[in-house]
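# Pasting a predicted model and its sequence here:
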Amino acid sequence: MRRLFAFIAGSLFGTGLLISGMTDTSRVQGWLDVFGQWDPTLAFVMGGAIIPMAIAWRLTIGRNPALGGLFPPRPESKIGRNLVIGSTLFGMGWGLVGLCPGPSIASLSYGGIGGTVFLLAMFVGMWFAPILRDQLDNALPAN
Amino acid sequence: MQTEWIYGLVGGGIIGLAGAVYLLINGRIMGASGIIGGLVDGSAKGDQASERVFFLLGLFLVPAIIAMVFGAPETHLTSNLWAIVAAGLLVGVGTRFANGCTSGHGVCGISRLSLRGIVATVFYIMAGGLSVIVFKHTLGWI
């Protein structure tokens, strides 16, 4: 059952990304391009996604997940160095070609060789990140 | 086109519904970078790993079927492979450092008013905007 609903959630996610135009890199870059032909679509996508998600968070109060277990605890509100460094690096890559992790999988079947190369490079980056993080923590201990 | 924002809103609503299903039924946060990253670095094991595999299978297969039936949408991805490799590395390292991307910090984080999600979103949007200014308008690489 967990697998079935994970598959359904992934399917909906992919459908939403495709319909909203978020697998089109020019649309994402158009939104980030405040000095060019600004494209407002991404703001509508974010708004459209946040509304059902906010309702879902409300529904978690006083309940447990339908398939058992517990809801993820609220993370600490601490803003660490890694959050800021990571988000900045991610944003640079996102702006450079207009792809982020979800759409890179959703568009894999029609993204051509470039889409596949992006995904492979992202895998390498994800695999390497914990090693880099340890190096950074050793060189410059946080706090 | 004037109607594009409607597709954005409807598609966004479906993305939110996906996140709601994953949260309320499976009890998990729908963050693409976390789901993928845990599989890549091996931190997700056993049942948790197979749940993620099925999520990614849906994420890959359903758009593939839609593209086959209705025709593939344009991705307009740059043909500059160096830029693609650099961007993939930055996105991979960055999202794992920050523990989230557009779906986890953006959609799931902002909707629960998580300070971390909001701060992350502000930083990656600012960096993304700067990136477009530098690489497109200044250097003309893309």
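Looks like it arrived, so ask away.
# name the element A:I61 belongs to?
Here A:I61, judged by DSSP states H and E, is contained in no helix and no strand.
# how many neighbours does it have?
Residues near A:I61, counting by other CB atoms under 10 Å in any protein chain shown, number 7. The C-beta positions use only the backbone N, C-alpha and C, and glycine is treated the same way.
# Just the pLDDT for it.
pLDDT, A:I61: 94.
# For it, give its distance to A:I50.
Distance, A:I61 to A:I50, by CB to CB, to the nearest Å: 18 Å.
# How about the secondary structure of A:T23?
Following DSSP: H, G, I helix; E, B strand; the rest coil, we place A:T23 in the coil state.
# OK, contacts around the nearest residue to it once chain neighbours are set aside?
Excluding the flanking residues, the one nearest A:T23 by CB to CB, 6 or more residues apart in numbering or on different chains is A:S107, at 3.8 Å. Residues near A:S107 by CB atoms under 8 Å, 6 or more residues apart in numbering or on different chains: A:17-18, A:23, A:99, A:115, B:63, B:75.
# Could you save those residues as TSV and add columns showing neighbour count, distance to B:G129 and pLDDT?
Converted to TSV, the contacts of A:S107 look like this (neighbours: other CB atoms under 10 Å in any protein chain shown; distance: CB to CB, whole Å; pLDDT from 0 to 100):
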residue	neighbour count	distance to B:G129	pLDDT
A:L17	29	21	98
A:L18	26	25	97
A:T23	31	20	97
A:L99	29	16	97
A:G115	24	23	97
B:P63	29	27	98
B:T75	21	21	96
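# Take those and lay them out in JSON lines including secondary structure and distance to B:I35.
Output for the contacts of A:S107, formatted as JSON lines (DSSP: H, G, I helix; E, B strand; the rest coil; distance: CB to CB, whole Å):
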{"residue": "A:L17", "secondary structure": "helix", "distance to B:I35": "14"}
{"residue": "A:L18", "secondary structure": "helix", "distance to B:I35": "18"}
{"residue": "A:T23", "secondary structure": "coil", "distance to B:I35": "17"}
{"residue": "A:L99", "secondary structure": "coil", "distance to B:I35": "16"}
{"residue": "A:G115", "secondary structure": "helix", "distance to B:I35": "18"}
{"residue": "B:P63", "secondary structure": "helix", "distance to B:I35": "16"}
{"residue": "B:T75", "secondary structure": "coil", "distance to B:I35": "21"}
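# Count the neighbours of B:S43 for me.
12.
# which secondary structure element contains it?
Counting by DSSP H and E, B:S43 is part of no helix or strand.
# Just the helices from chain B, written as ranges.
B:4-24, B:32-40, B:46-70, B:81-98, B:110-111, B:115-132 (DSSP state H).
# The spatially closest residue to A:L18 that is not a sequence neighbour: what's it in contact with?
Sequence neighbours aside, B:P63 is the residue nearest to A:L18 in space, at 4.7 Å (criterion: CB to CB, 6+ apart). Counting by CB under 8 Å, 6+ apart, B:P63 touches A:14-15, A:17-18, A:23, A:106-107, A:109-110.
# ok, now with 10 Å
With contacts taken as CB atoms under 10 Å, 6 or more residues apart in numbering or on different chains, B:P63 has the following neighbours: A:11, A:13-19, A:23, A:103, A:105-111, B:72-73.
# Just the ones of those in helices?
Short answer: those in helices (DSSP H) are A:11, A:13-19, A:103, A:105-106.
# How many residues are close by the closest residue to B:R96 other than its chain neighbours?
Excluding its sequence neighbours, the residue lying closest to B:R96 (CB to CB, 6+ apart) is A:A129, at 3.4 Å. Neighbours of A:A129 under the rule other CB under 10 Å: 26.
# does A:A129 sit in a helix or strand, and which one?
Applying DSSP H and E as the criterion places A:A129 in helix A:112-139.
# what helices or strands is that helix leaning on?
helix A:25-32, helix A:81-97, helix A:101-106, helix B:32-40, helix B:81-98 (3 or more CB pairs under 10 Å, 6 or more residues apart in numbering or on different chains; DSSP states H and E).
# Tell me which of these sits nearest to B:S114.
helix A:81-97 (11.1 Å; CB to CB).
# Now do the buried residues in that closest one.
A:82-97 (16 or more other CB atoms under 10 Å in any protein chain shown).
# pLDDT on that helix, on average?
Mean pLDDT, computed over helix A:81-97, is 97.
# ok and it relative to helix A:25-32, angle-wise?
Counting by axes from the mean of the first three to the mean of the last three CA atoms, to 10 degrees, helix A:81-97 points 120 degrees away from the direction of helix A:25-32.
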